[in-house]
Structure formats: C-alpha cells, structure tokens
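Trainee: Structure for this input, please:
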Amino acid sequence: MTRQTTSFVYVTYIRATPQKVFEAITKPDLARRYWGHENVSDWKVGSGWEHVRDNDERTVELVGKVIEILPPTRLVISWANASQASDPDSYSRVTFDIIEYDSMVRLTVSHDELEAGSGMANGVSKGWPAVLSSLKSFLETGSGIDVFAKPKSA
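Mentor: Numbers count the residues shown, from 1 in each chain. Below is the predicted model:
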C-alpha cells in the first residue's frame, strides 16, 4: 500500500534582513529565544542536525540531516522525532525560503513528505504557526511569544 502524505506551507513577512532570519533559524542562541529549542548543526550538506529543548535535561526532540543550504536564502532539512530516527519512513522535509522584499523578507516554510494523519502531521500543523509568529515577534521586537501556551478554557 502506498503511503499517503500531506504537506503544509506557511508564509510570513518579517521586518528583518534575510541574514537575520537565516541566523535566527540556524544559531542555537537565537532559536532558543523564540522557539524554546536550539537547532544544532555545523550546517553543511549531509551533516546531522538536532532540535534540542532548552531545559535542564537538554532533550533532543527532533533530528535530521541538512539536505541543502544556501545562506541566507534557503535551507532544506530532513525532520523526524528522535525516537523514530532509525525508521527512514518517519522522516519528512522542511524547506525555509527567504526572499528579500524592500525592508522586509518573505519567509516561506514548506513542510512536506509527512505521513497523512500522523502525530507528526498533527503536531506541525499546530506548531509551525506558533513558532513562526514567535520568530516574527522576536526579530521585530526582541521578544518571542510563548510557543508552549495552551488555550484558556471557555
């Protein structure tokens, strides 16, 4: 049976330079300030990367490889839960495209090759909007939002 996949595309405009957006994604000390995680790698094609929770345990939650990197305009990585890293079918792909627009950039994040209906697909459909909103707030104001916030009860 053929694996059914899904994808998500998110676009946001940020008052920043392509370099600042790219650095916010790839530099651990910046990513932790709006994401609560660090993206750790040497950022070379074929290298691994880890998404490390900024907490006392330093939990590695996501892993993958750098597929393509063209600073400061494009980054493509594979993406899987650390607990499923040994299963090639568990990997999806994330592409960050950064295009300059006058005094801002258009950031397009495409997350594809996700197994339809999976926990990962459900998680990224909720997670990316919060993360990208926090990235935008961080770069424009110096403060991210709480990406772990939960809805208030009615």
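Trainee: quick one: residue 117 from residue 131, how far?
Mentor: As judged by CB to CB, to the nearest Å, residue 117 and residue 131 stand 22 Å apart. Every residue, glycine included, has its C-beta placed from N, CA and C.
Trainee: again, but for residue 110
Mentor: 14 Å.
Trainee: same check, this time on residue 5
Mentor: The value you get for residue 5 to residue 131, if CB to CB is used, is 21 Å.
Trainee: thinking again about what came up before, between residue 117 and residue 131, which has more neighbouring residues?
Mentor: Between residue 117 and residue 131, counted using other CB atoms under 10 Å, residue 131 has the larger neighbour count: 21 against 10.
Trainee: Find the helix or strand that that one is a member of.
Mentor: Element membership for residue 131, per DSSP states H and E: helix 119-141.
Trainee: What of residue 31?
Mentor: According to DSSP H and E, residue 31 maps onto helix 28-35.
Trainee: Residue 88: neighbouring residues, count only.
Mentor: Using other CB under 10 Å, residue 88 has 9 neighbouring residues.
Trainee: no wait, residue 36
Mentor: Residues near residue 36, counting by other CB under 10 Å: 16.
Trainee: Kindly report the same for residue 97.
Mentor: Residue crowding around residue 97 was assessed by other CB under 10 Å; the count is 17.
Trainee: from what I can see it touches residue 72, true?
Mentor: No: the criterion here is CB atoms under 8 Å, and residue 97 misses it with residue 72 at 11.0 Å.
Trainee: Which pLDDT value belongs to the closest residue in space to residue 136 that isn't next to it in sequence?
Mentor: In this structure, residue 136 finds its nearest non-sequential neighbour in residue 14, 4.9 Å apart by CB to CB, 6 or more residues apart in numbering. pLDDT for residue 14: 98.
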